[in-house]
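J.: after the sequence you'll find the predicted model.
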Amino acid sequence: MKGVRAYSLVLAAWLLSGMAGATTETLLFDASFDDWNGVLRKVQLADESVLFEYTARTLASTNGATLAISFMPRFTCAPKISVHLPTDYQTLPASPLLEITLNSLKQVFPGLIDKDNELQVFTFAAPAKQIDELRRGLDVSAMASLRFLPAHGRAVDVQSTPEIISQSNAQSEAPEYDLFSFSLIGSRLTTLSAQRRCQSHEPPAYDPLQNNSDR
């Protein structure tokens, strides 16, 4: 049930992102280390409430992609891991697979794609245990390599998601996707700082004229 709940939290956050209005970002200088930055995002939702998101993120060495680990008080500060791509990058399928390599170990994760006027956002959709394992892997590695897989691409060695081994081995005419490389130097401290800020988050005072509180 824990894995199902974690997936439900990711799906809920993904659906809420589609209801987002104005967004503001504040760089958290004292929660940024080495190649990673801590950021507080405030997203105005359709019901006029505000979604707070504490994020640790870094830019890829090329291609303009961003790797992010986020925590939201509204969703019990459960980690949400995502990859942000500019909209002028190749269009991704609605439910792509993402291969990530840490310390020569390859894993494949399913995910959800959210698109707006500026970004394509891939959010890892996996049980809580696998997300926690991925976060620990990011904490102790120096570099991460990521590549999106064609819908019917060749199966790869899968550790945490063995069910994906059953994917078809048939050759696909789908385009080959770029390899993204991210430095993980500073990721552990930045992610821990973002998580602690989420856990100590104090909701703003409720304004009866504007529903701006967050849980």
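T.: Alright, I've got the coordinates. Residues are numbered from 1 along each chain as shown.

J.: show me where the chain has its strands.
T.: 20-33, 36-45, 50-59, 66-71, 80-86, 97-102, 105-115, 119-124, 143-149, 179-183 (DSSP state E).

J.: turn these into TSV, including distance to residue 204.
T.: For glycine as for every other residue, the C-beta is placed from the backbone atoms N, C-alpha and C. Conversion of the strands of the chain to TSV gives the following (distance: least, C-beta to C-beta, whole Å):
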stretch	distance to residue 204
strand 20-33	14
strand 36-45	10
strand 50-59	8
strand 66-71	18
strand 80-86	22
strand 97-102	35
strand 105-115	26
strand 119-124	26
strand 143-149	35
strand 179-183	33
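
J.: and stretch 63-81, end to end?
T.: Taking C-alpha to C-alpha, to the nearest Å as the measure, stretch 63-81 stretches 19 Å from start to finish.

J.: now that stretch: how far from the chain's centre is it?
T.: How far stretch 63-81 lies from its chain's middle: 5 Å, per C-alpha atoms, centre = their mean, to the nearest Å.

J.: and for stretch 178-186?
T.: Its chain's C-alpha centre and that of stretch 178-186 lie 14 Å apart, by C-alpha atoms, centre = their mean.

J.: quick check: buried residues in that stretch?
T.: Residues of stretch 178-186 classed as buried by neighbour count (16 or more other C-beta atoms under 10 Å): 178, 180, 181, 182, 183, 184, 185, 186.

J.: could you do stretch 129-145 as well?
T.: Within stretch 129-145, the residues that count as buried by 16+ other C-beta under 10 Å are 130, 131, 134, 135, 137, 138, 141, 144.

J.: got the confidence number for the fourth one?
T.: In this prediction, residue 135 carries a pLDDT score of 94.

J.: again, but for the first one
T.: In this model, residue 130 is scored at 91, pLDDT.

J.: how close does it get to residue 109?
T.: From residue 130 across to residue 109, the span is 7 Å (C-beta to C-beta, to the nearest Å).

J.: relative to residue 42, which of the buried residues of stretch 178-186 is nearest.
T.: residue 186 (23.8 Å; C-beta to C-beta).

J.: quick check: closest non-adjacent residue to that closest one.
T.: Nearest residue to residue 186, sequence neighbours excluded (C-beta to C-beta, 6 or more residues apart in numbering): residue 34, at 2.9 Å.

J.: residues in contact with that neighbour?
T.: Going by C-beta atoms under 8 Å, 6 or more residues apart in numbering, residue 34 touches 183, 185, 186, 189, 190.

J.: then residue 197?
T.: Residues near residue 197 by C-beta under 8 Å, 6+ apart: 28, 31, 38, 40, 54, 71.
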